[in-house]
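**Student:** Give me coordinates for this.
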Amino acid sequence: MKIVHITLLAILGVMALVAPSWAAKVDADLGDNEVKMGEQAAAEVAKEYKFSDNAADLKRLRDMGAKIAEVANKTEVKSVYGSSKVTPFKYTFDIVEDKDINAFSVPGGHIYVYRGLLNFVQSDHELAGVVAHEVTHAAHHHMVYLLKKQASLNNQLAIALLATMLSGAKSADVNNVVMGVQLFQIAKLNGYGMQAERDADYGAVTYTRDAGYNPVGLLTFMERLAKRPELVDLGIYRSHPLDADRVAAAKNVLTSMKIPINRRLTTNAISAEVKTDSVNGANIAGVYLDGKLIYRPAATSTKTSQQKADEAAVRINNALDKGFQMYEMSVDPLIGGVVVRGEPLMVVSKADADLMNSTPADVSKSAAAAIRDVGWRQMVDTIH
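**Tutor:** Take a look at the predicted model:
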């Protein structure tokens, strides 16, 4: 590494003299030279890490990445950092066998996802949000603009990196190899800055939506990370600063794009489920919440037990999706039933209660307590 250090000092001195001309060329030279530098950075990543050869995991990531890349290569998304100029890249996607919850990209479209992150996400929608975020870093040319900003502050390393990136130097050039190392380190450890991160969040919402994934996955991934303070100095927090404002900004983007925030579609959130059990020799449906039976409806002349259970489960999940304050839930102690914001989630008849060897009032109270508990935990999980 001593030889590399001396070489770097030498090129810093030469390139600092001509930095302004390269800074002016940034917009004109986006694309080909980014690819050349990205190849060198990717070579350094390959030396640094062990890549996964798990065929199923790679297929999952690469099929997903291909859909998102196709959108990025033809869709212009307004940028708040970098450039929205569409520059088609041949995106590559690899899995790093490392337990950190992390992901990063280098110029030209090389995307890396850690094993720890694959284990952390709860759905393809969440993974797609992370992948699309990294694709946006490349598509919006964040590395070039980060270096341009640093070069304007007379940061000598940034001047040299920017100059080399835009010079079109041959990939075999030793100076280019040095720059590849530096680009890799910036992408992996230092990140692009909060403004670039938020731009990548915005781009990710558009890319995931257009690629057929639920953009809410990015939000639920961020919300869960924000509840893991032990990750502040590790993994993705290190290169992707995450705070309450950034999470709120992601929510605002989803709202402005009229995308419903239904966390049950992108996570393993607790949901009301319908199961059929044998009761007194008959198959009767029941509504379960967090593994606990809360309601077993008896059939009527117009509806089957299954139909009533399905309807109740849908109403409960809709109420949880929309969120509610504890005071907005009430129980009718006389006829039995649970109500949220004036809308009944279930009406418990004597026949229903008999199937649970209880009374309508007690079934209602128990069900309300279970729903309230899940609603409370959900509220805590999404407060930042």
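**Student:** I'd like to check which residues are in contact with Met222.
**Tutor:** Asp201, Leu242, Arg246, Val247, Ala250 (Cβ atoms under 8 Å, 6 or more residues apart in numbering). Where you see a C-beta, it was placed from the backbone N, CA and C, and this is true even at glycine.
**Student:** who wins for most neighbours among those residues?
**Tutor:** Ala250 (25 neighbours; other Cβ atoms under 10 Å).
**Student:** For Asp321, which non-adjacent residue is closest in space?
**Tutor:** Leaving aside its sequence neighbours, Asp321 sits nearest to Asn262 (Cβ to Cβ, 6 or more residues apart in numbering; 5.0 Å).
**Student:** looking at this, Gln306 is in a helix?
**Tutor:** Yes. Using DSSP: H, G, I helix; E, B strand; the rest coil, the secondary structure at Gln306 is a helix.
**Student:** Over to the nearest residue to it once chain neighbours are set aside. Which of the three states is it?
**Tutor:** Once flanking residues are discounted, Gln306 sits nearest to Ala285: 4.4 Å by Cβ to Cβ, 6+ apart. At Ala285 the chain is in strand, as set by three-state DSSP.
**Student:** for Tyr112, same thing?
**Tutor:** Relying on three-state DSSP, one would call Tyr112 strand.
**Student:** neighbouring contacts of stretch 67-77?
**Tutor:** Stretch 67-77 is contacted from outside by 84-86, 88-89, 91, 109, 128, 131-132, 135-136, 138-140, 202-203, 206-208, 210-213, using Cβ under 8 Å, 6+ apart.
**Student:** So, low pLDDT: which residues of this structure?
**Tutor:** Along the chain, the model assigns pLDDT under 70 to residues 1-30, 149-192, 228-243, 334-335, 380-384.
**Student:** just so I have it, where are all the strands in the stretch 151-300 of the chain?
**Tutor:** 272-279, 282-289, 292-295 (DSSP state E, counting those that start in this stretch).
**Student:** List phi and psi for the nearest residue to Leu254 once chain neighbours are set aside.
**Tutor:** Counting by Cβ to Cβ, 6+ apart, the nearest residue to Leu254 once its immediate chain neighbours are dropped is Ile261, at 5.8 Å. Dihedral pair for Ile261: phi -90, psi 90, per degrees, to the nearest 10.
**Student:** how many other residues sit next to Ile261?
**Tutor:** Neighbours around Ile261, by other Cβ under 10 Å: 19.
**Student:** Now do the contacts for it.
**Tutor:** By Cβ under 8 Å, 6+ apart, the neighbours of Ile261 are Val216, Leu219, Lys251, Leu254, Thr255.
**Student:** what does Leu320 give?
**Tutor:** Leu320 neighbours (Cβ under 8 Å, 6+ apart): Arg264, Ala269, Ile270, Ser271, Ala272, Ile371, Val374, Gly375, Gln378.
**Student:** How much space separates the first one from Met222?
**Tutor:** When distance is defined by Cβ to Cβ, to the nearest Å, Arg264 is 17 Å away from Met222.
**Student:** roughly how far apart are the residue nearest to Gln306 and Leu293?
**Tutor:** As judged by Cβ to Cβ, Ala285 and Leu293 stand 11 Å apart.
**Student:** more crowded one of the two?
**Tutor:** Ala285 (22 against 17).
**Student:** Can you tell me who that one pairs with across the strands?
**Tutor:** Here Ala285 sits in beta bridges with Thr276, as judged by DSSP bridges.
**Student:** for it, what are its contacts?
**Tutor:** For Ala285, the contact set (Cβ under 8 Å, 6+ apart) comprises Val274, Lys275, Thr276, Asp277, Arg296, Pro297, Thr304, Ser305, Gln306, Lys308, Ala309, Asp310.
**Student:** Quick check: the gap between the nearest residue to Met257 once chain neighbours are set aside and Ala250.
**Tutor:** Computed as Cβ to Cβ, 6+ apart, the closest residue to Met257 that is not its neighbour in sequence is Val205, at 6.5 Å. Using Cβ to Cβ, Val205 is found at 7 Å from Ala250.
**Student:** Report the buried members of the contacts of stretch 67-77.
**Tutor:** Buried by 16 or more other Cβ atoms under 10 Å: 89, 91, 109, 128, 131-132, 135-136, 138-140, 202-203, 206-208, 210-211, 213, out of those.
**Student:** What is the neighbour count of Asn119?
**Tutor:** Going by other Cβ under 10 Å, the residues that sit close to Asn119 add up to 9.
**Student:** To clarify, my last question referred to Ala66.
**Tutor:** Other residues near Ala66 come to 12 when the count uses other Cβ under 10 Å.
**Student:** so it, which of the three states?
**Tutor:** Going by three-state DSSP: Ala66 is helix.
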